[in-house]
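*Asks:* this is a predicted model, with the sequence first.
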Amino acid sequence: MNKYFGRIVALLLAVVAVALVVVERSYRVLEMELSAILLPALGFGRALAIPERESLIFGIGTNYTLGLRMTPECTSVFLVIPLVLIASLMAFFRPQAIGKVLWALGIGGAVLILTNQLRMINIVYLVKTLGTERGYYWGHTFGGSMISVIGGAVALVLFVWLATRGRRAPSKPKKAVAA
Amino acid sequence: MSTGALDLLLGMTQAMALTMSVAFITYVIMIIIPYLRYKARPTGDPAAFSWHFIVPCRDEEAVIQKTIDYLRTTFPQAHVWVIDDDSDDRTAGVVRSMRRNGGNRDENIHLVERVRPYARTGKGDALNAAYRELREFVGFMNPHRCVVVVVDADGRPSPNALEVCSAKHLFGDSRIGAVQMDVRMVNRDVPEAGARGFRRWFGMGMVRMQDLEFRTAISAIQMSRGYTGTIAMGGNGQFTRLSALDSIAGGTGSPWRGSLLEDFELGVHLLTEGWHTGYTRDAWVDQEALYSLRRFLAQRTRWGQGTMQCMRYAPRIWDSKHLTTIGAAEMMYYLLQPWMQLLGTMIYPIPFVLLGIRTWNEPAAVATWFTDGAWILFAVYGLFGLLPFLVWGPIYWWKCERKGSFFQSLLWGLGYATYIYTFYITSWRAMIRLLRGQNGWAKTRRNTEEKVRGAVVALDH
């Protein structure tokens, strides 16, 4: 892969990073809609995403019905953006690794998105088991922070490992050995 | 600013702070593992090599005699090359007198004299001058079997240094071009002469933190670099094969370049030329730590500025076919450190400023929010911010200085977490110097020196 291709990919990734900031509200709606699919599938009752308020009502038809709004502080989009920017830099500087970098970005990004879903599931689970006040309190504060930190660490390690794995650096020049 | 925009800014900065913190915690965990698992390795035969210590000096009359004595006594087979960078004191005279040795000339002591205006243009230039004289001296001797050791005028390599560096996995491996030894602070238990009360306590703390930093965190970073193939060179206890220096010296005979971080720069050139580098904790070099915060800040500002200058090597690092992607990424991470600290000083306070504004506008709502659980977030993030530094205190106590209680080791860890914040100051100072084009530096004064005579050691260029 030549340098120009690397630069084009790097530029495209930088554009993606900016675009994610611009469309962050739509991204949050998508995250709520994904939760609305996952929660019923996991047995937490019916859930409904409300796009105009970036909110989710879960546990519909149960005794723990609650609405949650996804604020810019709670979305995974701003965690994905740094990975996109690092991938952009790597594509710029090492075009021969673009395939690996994009693959790593896909996996790392997916882990971050799933981590945020796990955070939502955790809140819903605690609300269901501990009640609205205590469940939300622990799910949104301590539990949510721990899941974010651990998920973020897993995403970063996977990203770095997948993007950079390869054989060790070759030996020094032959002329020096002969000296 | 509208509420929506404020929320967006808060979300972005919080995510950025979380990403940077998580990245750092993950990094610290990854470097602690090889550090804790380290075991001493077999040594080699130093007679297989010819050893040349290079000691750059400017106004080192107070310490140079003891250093030469130590090097000649501890390593009798080695040559000692003292570079006098046009000292105003009797540094050169002391070296000449030791070489004369009362009529029984010591042929293993050499003096490399530099004279203004060609002197005092930087440590790299001084080392290059010694390299050229040494190159002439060794002539046709196999350069692959000659090792050049850079030691500061107050440096004391451990007596086993040559045996350790001759080991099979270090210079015994022909791919290894350079080896860096562990660095320790010789005055870690010595209070500053004449200091009393708080100044004495603070000075001792500063010295302890420098010892802890070099023997734990920096050592762990170097060990992890063994996996990425990017072990860096330091300014003291730096061993380089002469053939490796030859391969990067170019037509001017200058293996060391002009940045303020000439040791790191040397490593970059060696690695991108295809040499491997090694690191060992089995041998070490003792050097003097600084008691004074002011001198310490000046030293670290110079290092920060040097790191910023070395950013120019980013394309060279990424283009090198000798460095793996993880290796190039690790070097970039290092080079980005001062820039990340600049970014950090701008990003980390934003959530607090916004919180302050909100508290001012809606004190009751913020108080409820805080007591309803937000305090846990503060506690968690505070802990994550502290732990990666705090942990080095107990590790230092466990692996390096088993004295005092475990509680004391926690205090060392807390001290280290505070000490690290000085880098936010030094990175900004380095940035300002860089913007002003100030690349010249006064010599970092030794603890025994009261004032510096003469001008800067590196000129603006």
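*Replies:* That came through fine. Predicted, not measured: the structure shown is a model, and the values here were computed from it.

*Asks:* got a list of what B:Cys146 touches?
*Replies:* B:49-50, B:52, B:138, B:241-243 (Cβ atoms under 8 Å, 6 or more residues apart in numbering or on different chains). Glycine gets a C-beta too; all of them are placed from N, C-alpha and C.

*Asks:* phi, psi for the nearest residue to it once chain neighbours are set aside please.
*Replies:* In space, and not counting its chain neighbours, B:Cys146 is closest to B:Leu242: 3.8 Å by Cβ to Cβ, 6 or more residues apart in numbering or on different chains. Recorded main-chain torsions at B:Leu242 are phi -60, psi -40, according to degrees, to the nearest 10.

*Asks:* B:Leu242 and B:Glu133, how far apart?
*Replies:* 13 Å (Cβ to Cβ, to the nearest Å).

*Asks:* more neighbours: these two, which one.
*Replies:* Per other Cβ atoms under 10 Å in any protein chain shown, whichever of B:Leu242 and B:Glu133 has more neighbours is B:Leu242, with 26 against 18.

*Asks:* the more buried one touches B:Phe140, doesn't it?
*Replies:* No: judged on Cβ atoms under 8 Å, B:Leu242 makes no contact with B:Phe140 at a distance of 12.0 Å.

*Asks:* which one of the contacts of B:Cys146 is nearest A:Ser26?
*Replies:* B:Arg241 (58.5 Å; Cβ to Cβ).

*Asks:* one step back: now the two most distant members of the contacts of B:Cys146.
*Replies:* B:His52 and B:Ser243 (13.2 Å).

*Asks:* which parts of chain B are strands?
*Replies:* Using DSSP state E, the strands of chain B run over B:50-57, B:79-85, B:109-114, B:146-150, B:156-157, B:176-185, B:238-241, B:276-287.

*Asks:* what is the burial count for residue 18?
*Replies:* If you meant another chain, say so; for now it's chain A. 12.

*Asks:* correction: the question concerned chain B.
*Replies:* Neighbours around B:Leu18, by other Cβ under 10 Å: 19.

*Asks:* can you put the strands of chain B in CSV and add distance to B:Asp372 and mean pLDDT?
*Replies:* Listed next are those as CSV, based on distance: least, Cβ to Cβ, whole Å; pLDDT from 0 to 100:
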stretch, distance to B:Asp372, mean pLDDT
strand B:50-57, 61, 95
strand B:79-85, 64, 95
strand B:109-114, 68, 94
strand B:146-150, 59, 96
strand B:156-157, 58, 95
strand B:176-185, 48, 96
strand B:238-241, 56, 95
strand B:276-287, 49, 95
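
*Asks:* which among these is found nearest to A:Ile113?
*Replies:* strand B:276-287 (39.1 Å).

*Asks:* hmm, back to that, how about the contacts of B:Cys146 in CSV, adding distance to B:Gln341?
*Replies:* Below are those laid out as CSV (distance: Cβ to Cβ, whole Å):
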residue, distance to B:Gln341
B:Phe49, 40
B:Ser50, 42
B:His52, 37
B:Val138, 43
B:Arg241, 34
B:Leu242, 37
B:Ser243, 37
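
*Asks:* so which of these comes closest to B:Leu9?
*Replies:* Nearest to B:Leu9 among these, with distances taken as Cβ to Cβ, is B:Arg241, at 52.8 Å.

*Asks:* is chain B contacted by the helix or strand hosting A:Leu83?
*Replies:* Taking DSSP states H and E as the criterion, A:Leu83 maps to helix A:77-93. Yes: Helix A:77-93 lies within reach of chain B by Cβ under 8 Å from any Cβ of the partner chain, at A:77-79, A:81-82, A:89-90, A:93.

*Asks:* mind putting these into a markdown table with distance to B:Thr426?
*Replies:* Formatted as a markdown table, those follow (distance: Cβ to Cβ, whole Å):
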| residue | distance to B:Thr426 |
| --- | --- |
| A:Val77 | 34 |
| A:Phe78 | 29 |
| A:Leu79 | 29 |
| A:Ile81 | 29 |
| A:Pro82 | 25 |
| A:Leu89 | 25 |
| A:Met90 | 28 |
| A:Phe93 | 27 |
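
*Asks:* tell me the contacts of A:Ile150?
*Replies:* Going by Cβ under 8 Å, 6+ apart, A:Ile150 touches A:Thr115.

*Asks:* which SSE is it in?
*Replies:* Judged by DSSP H and E, A:Ile150 forms part of helix A:144-164.

*Asks:* quick revisit: just want the angle from the helix holding A:Leu83 to helix A:144-164.
*Replies:* Angle of helix A:77-93 versus helix A:144-164, following axes from the mean of the first three to the mean of the last three Cα atoms, to 10 degrees, is 20 degrees.

*Asks:* which elements pack onto the next helix or strand after helix A:77-93?
*Replies:* Per DSSP H and E, the first helix or strand lying C-terminal to helix A:77-93 is helix A:98-130. In terms of contacts (3 or more Cβ pairs under 8 Å, 6 or more residues apart in numbering or on different chains; DSSP states H and E), helix A:98-130 is packed against helix A:3-22, helix A:24-41, strand A:55-60, strand A:66-69, helix A:77-93, helix A:132-138, helix A:144-164.

*Asks:* low-confidence regions, the stretch 51-200 of chain B specifically.
*Replies:* Residue ranges of the stretch 51-200 of chain B with pLDDT under 70: none are present.

*Asks:* where's the closest residue to A:Leu68 other than its chain neighbours relative to A:Thr129, distance?
*Replies:* Closest residue in space to A:Leu68, ignoring its immediate chain neighbours: A:Leu56 at 5.2 Å, by Cβ to Cβ, 6+ apart. A:Leu56 sits 19 Å away from A:Thr129, taking Cβ to Cβ as the criterion.

*Asks:* neighbours around the residue nearest to B:Thr26 when sequence neighbours are not counted, how many?
*Replies:* Nearest residue to B:Thr26, sequence neighbours excluded (Cβ to Cβ, 6+ apart): A:Ala153, at 4.6 Å. If you count neighbours by other Cβ under 10 Å, A:Ala153 ends up with 19.

*Asks:* OK, contacts around A:Ala153?
*Replies:* Taking Cβ under 8 Å, 6+ apart as the test, what A:Ala153 contacts is B:22, B:25-26.

*Asks:* neighbours around the nearest residue to B:Asp7 once chain neighbours are set aside, how many?
*Replies:* Nearest non-adjacent residue to B:Asp7, counting by Cβ to Cβ, 6+ apart: A:Pro72, 4.8 Å away. A:Pro72 has 23 neighbours, counted by other Cβ under 10 Å.

*Asks:* hmm, back to that, quick check, the residue nearest to A:Leu68 in contact with A:Leu38.
*Replies:* No: using Cβ under 8 Å, A:Leu56 makes no contact with A:Leu38, being 10.5 Å away.

*Asks:* what touches both of these two?
*Replies:* Contacts common to A:Leu56 and A:Leu38, judged by Cβ under 8 Å, 6+ apart, are A:Met120.

*Asks:* more crowded one of these two?
*Replies:* Ranked by neighbour count (other Cβ under 10 Å), A:Leu56 and A:Leu38 place A:Leu56 first, with 24 against 17.

*Asks:* no further queries at this time; thank you.
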